[in-house]
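K.L.:
Next input, structure requested:
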Amino acid sequence: MIKELIYLYCVSQKGPNLKGLDGGNIYYVHHHGIYAVVSKVSEDEFSEENLKKNLSDIEWIKAKVKIHENVIERIIPYSSVIPFKFGTIFNTEDNLKGMLEEYIERFNDNLMYLDSKEEWGVKIYCDIDRLKERIIKEDGDILKIKEEINLSSPGKGYFLKKKRDELIREGVNKRINEYSQVSFEILKELSSDEQINKLLPKEVTERKEEMVLNSAFLVEKERVLEFVQAVDGLNTRYNNNGLNLDYTGPWPPYNFVGELMS
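P.N.:
So this is what the prediction gives:
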């Protein structure tokens, strides 16, 4: 007989409405005032050994992760949620309740902190060539060297070009750092918490521009419109310099619940 395991999606503040969700028998376990949203899954798929095998199947992962995300996204508009990572499994409901018991104070603190807040992601991308063009047109030192190159011998011109290229690189880095920092600080003032994450390569983003900032913000629901307007304002401010701010959300607050859950 195939054993059933308990798959944990999230812990919520309120008893969620789970009707109509895909993914099988999704229900919640109520324990000490909090709700663990779970489903029963087959050991054939989710035992430790079988899960490792299935993680190499891209189509299987896509289907299961979609269910995982859909369940959590159904709940977050109505309740504070502590999301758990994909593939969080317990052998029995008693094991699950034991974990809830052990971390009950931490869960309650997190749920209280997350109440009436949403996670929003902001990624900044830079069209490096466009920013270079802007710098070449505006930077006084670079314009001066350009004039010197036109009046110099080939030998001296070679070294001046190298100096010009170095100034352009420095200018690009300086402006990216400045614009990213200014943007982050403005959005930080509109948020309850913030985090800077690792930059993602073009192979992941599938964009021609370079990612120069990958950040997450925890925003009071009543300030979300103000937050989004601030991002739009920064886009207008920096677009001619080759920068684009891309915001997404609301997301389950993975960045703000600690290592145990994420």
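
K.L.:
per-residue confidence for G157?
P.N.:
The per-residue pLDDT reported for G157 equals 59.

K.L.:
how far away is N50 from N197?
P.N.:
Distance of N50 to N197, computed by Cβ to Cβ, to the nearest Å: 31 Å. C-betas here are computed from N, CA, C, even on glycine.

K.L.:
Kindly report the same for Y238.
P.N.:
Taking Cβ to Cβ, one finds Y238 at 20 Å from N197.

K.L.:
out of the two, which sits in the busier spot?
P.N.:
Y238 (20 against 12; other Cβ atoms under 10 Å).

K.L.:
Compute the distance between the more buried one and K221, please.
P.N.:
Distance, Y238 to K221, by Cβ to Cβ: 27 Å.

K.L.:
and if you look at K123?
P.N.:
22 Å.

K.L.:
ok, now D129?
P.N.:
From D129 over to K221 (counting by Cβ to Cβ), the distance is 39 Å.

K.L.:
how much space between the nearest residue in space to H32 that is not next to it in sequence and V38?
P.N.:
Spatial nearest neighbour of H32, chain neighbours left out: I104 (5.3 Å); criterion: Cβ to Cβ, 6 or more residues apart in numbering. To V38, I104 is 17 Å away according to Cβ to Cβ.

K.L.:
So those two - more neighbours on which side?
P.N.:
Just comparing I104 and V38: by other Cβ under 10 Å the higher neighbour count belongs to V38, 25 against 15.

K.L.:
what are the ranges of the helices in the stretch 51-200 of the chain?
P.N.:
58-75, 93-102, 104-114, 128-138, 140-151, 154-188 (DSSP state H, counting those that start in this stretch).

K.L.:
Compare the ones you listed and say which comes out lowest on pLDDT.
P.N.:
When I compare the helices of the stretch 51-200 of the chain, helix 140-151 is least confident, with a mean of 59.

K.L.:
which residues touch stretch 184-191?
P.N.:
122, 194, 196, 213, 215, 217-219, 223, 226-227, 230-231, 234 (Cβ atoms under 8 Å, 6 or more residues apart in numbering).

K.L.:
Same question for stretch 99-108.
P.N.:
11, 29, 31-34, 36, 82, 90, 258, 260.

K.L.:
Let's see that with 7 Å instead.
P.N.:
11, 31-32, 34, 36, 82, 260 (Cβ atoms under 7 Å, 6 or more residues apart in numbering).

K.L.:
I'd guess V11 is in a strand, am I close?
P.N.:
Yes. Using DSSP: H, G, I helix; E, B strand; the rest coil, the assignment for V11 is a strand.

K.L.:
So it sits against I82, correct?
P.N.:
Yes. Counting by Cβ atoms under 7 Å, V11 does reach I82; the two are 4.5 Å apart.

K.L.:
Tell me which of the two has more neighbours.
P.N.:
For V11 versus I82, neighbours defined as other Cβ under 10 Å are more numerous around V11 (29 against 26).

K.L.:
Domain map for this protein?
P.N.:
Annotated domains of the chain cover 4-115, 118-256 [automatic domain parsing].

K.L.:
can you give me the end-to-end distance of the shortest one?
P.N.:
Counting by Cα to Cα, to the nearest Å, you get 33 Å between the two ends of domain 4-115.

K.L.:
what's the helix or strand for E203?
P.N.:
Using DSSP states H and E, E203 sits in helix 202-205.

K.L.:
what's the spacing between the closest residue to E43 other than its chain neighbours and S42?
P.N.:
Once flanking residues are discounted, E43 sits nearest to K3: 4.3 Å by Cβ to Cβ, 6+ apart. Using Cβ to Cβ, K3 is found at 8 Å from S42.

K.L.:
what does K208 give?
P.N.:
For K208, the distance to S42 - Cβ to Cβ - is 43 Å.

K.L.:
Check M211 too.
P.N.:
Taking Cβ to Cβ, one finds M211 at 39 Å from S42.

K.L.:
Buried subset of the contacts of stretch 99-108, written for ChimeraX?
P.N.:
Only the buried entries of the contacts of stretch 99-108 go into this ChimeraX selection, using 16 or more other Cβ atoms under 10 Å:
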select :11,31,34,36,82
